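Chemist: build the 3D model from these lines:
(2 chains)
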Amino acid sequence: DSGVTQTPKHLITATGQRVTLRCSPRSGDLSVYWYQQSLDQGLQFLIQYYNGEERAKGNILERFSAQQFPDLHSELNLSSLELGDSALYFCASSVGIAGVTDTQYFGPGTRLTVL
Amino acid sequence: AQSVTQPDIHITVSEGASLELRCNYSYGATPYLFWYVQSPGQGLQLLLKYFSGDTLVQGIKGFEAEFKRSQSSFNLRKPSVHWSDAAEYFCAVVGTDSWGKLQFGAGTQVVVTP
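Modeler: Sure, this is the predicted structure:
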């Protein structure tokens, strides 16, 4: 158990809908990262937050947005869902902002299925 | 373009045999290197990491990896595989200016036979 929690574990929804994925980092960690794992794209970095502020962006679609709240939990919002958004979404957390040397601890993921 | 390559999509190994998983990277400068393992239905767990110093890195679960700058490689090894090592293994890199954005290889699926 990494100490990172993600809810829900599974999510099934229809195209065009909007969903919210939630992540609670390990106690004491200030950085949260979101990754997407799909069959065709593999594991891709989406976005990073540190202490409530966006710090880095990867291949995140405009239909996707995220935020980190004062209690440090983070939410990833996916809207206008398409079939291709079906994937496993991971959240990771680390202690500081210097993610290069910080270890990222991964949650168990949320499996999103878009029908 | 920066890239991480795991040439082997799938490896089958007998229990008790040795295992080596290959990882090659293409970066402007030497990045920071990681190996993660993903067991079925689980998140990713860090096995080991290399930032600098000794090029042979010891990790958890009896794994080690060797950084070879001349070959741009960071191969993962285990002398004797256990059935519980069956999983998917990912090599990942972070560029020195990438703020912790892990870039992953495609992964290698390891099957362990009795």
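Chemist: starting at the chain centroid, how far to stretch A:80-89?
Modeler: A distance of 13 Å separates the C-alpha centroid of stretch A:80-89 from that of its chain, computed with C-alpha atoms, centre = their mean, to the nearest Å.
Chemist: then stretch B:86-103?
Modeler: Put simply, stretch B:86-103 sits 9 Å off its chain's centre (C-alpha atoms, centre = their mean).
Chemist: for the residue of chain B found nearest chain A, grab the count of nearby residues.
Modeler: For chain B, the residue positioned closest to chain A under C-beta to the nearest C-beta is B:G100, at a distance of 1.5 Å. (Each C-beta comes from the backbone N, C-alpha and C, glycine too.) Applying the criterion other C-beta atoms under 10 Å in any protein chain shown, we find 25 residues in the vicinity of B:G100.
Chemist: I figured it hits A:V32, correct?
Modeler: No - here B:G100 does not reach A:V32: they are 10.8 Å apart, not a contact under C-beta atoms under 8 Å.
Chemist: which residues are in contact with both of the two?
Modeler: Common contacts of B:G100 and A:V32 (C-beta atoms under 8 Å, 6 or more residues apart in numbering or on different chains): A:Q48.
Chemist: can you report phi and psi for the residue nearest to B:H10 when sequence neighbours are not counted?
Modeler: Nearest-residue entry for B:H10: B:Q109, 4.8 Å, with adjacent residues in sequence omitted and distances by C-beta to C-beta, 6 or more residues apart in numbering or on different chains. The main-chain torsion angles of B:Q109 are listed as degrees, to the nearest 10 and equal phi -90, psi 120.
Chemist: how many neighbours does B:Q109 have?
Modeler: So B:Q109, with other C-beta under 10 Å, has 14 neighbours.
Chemist: go on, B:Q71?
Modeler: In terms of burial, B:Q71 registers 10 neighbours under the definition other C-beta under 10 Å.
Chemist: what's near enough to touch it?
Modeler: The contact partners of B:Q71, taken as C-beta under 8 Å, 6+ apart, are B:N24.
Chemist: check B:Q103 too.
Modeler: Shown here is B:Q103, whose contacts under the criterion C-beta under 8 Å, 6+ apart are A:45, B:2-4, B:92-95.
Chemist: buried subset of those residues?
Modeler: Listed as buried from the contacts of B:Q103 are A:45, B:4, B:92-95; burial here means 16 or more other C-beta atoms under 10 Å in any protein chain shown.
Chemist: nearest to B:G28, of these?
Modeler: For these, the residue nearest B:G28 by C-beta to C-beta is B:G95; the value is 7.8 Å.
Chemist: ok, for the closest one, nearest residue in space, not its chain neighbours?
Modeler: B:P31 (5.1 Å).
Chemist: isn't that neighbour up against B:S3?
Modeler: No - if you go by C-beta under 8 Å, B:P31 and B:S3 don't touch, sitting 10.8 Å apart.
Chemist: what residues are shared contacts of those two?
Modeler: Among the neighbours of B:P31, those also in contact with B:S3 (C-beta under 8 Å, 6+ apart) are B:Y25.
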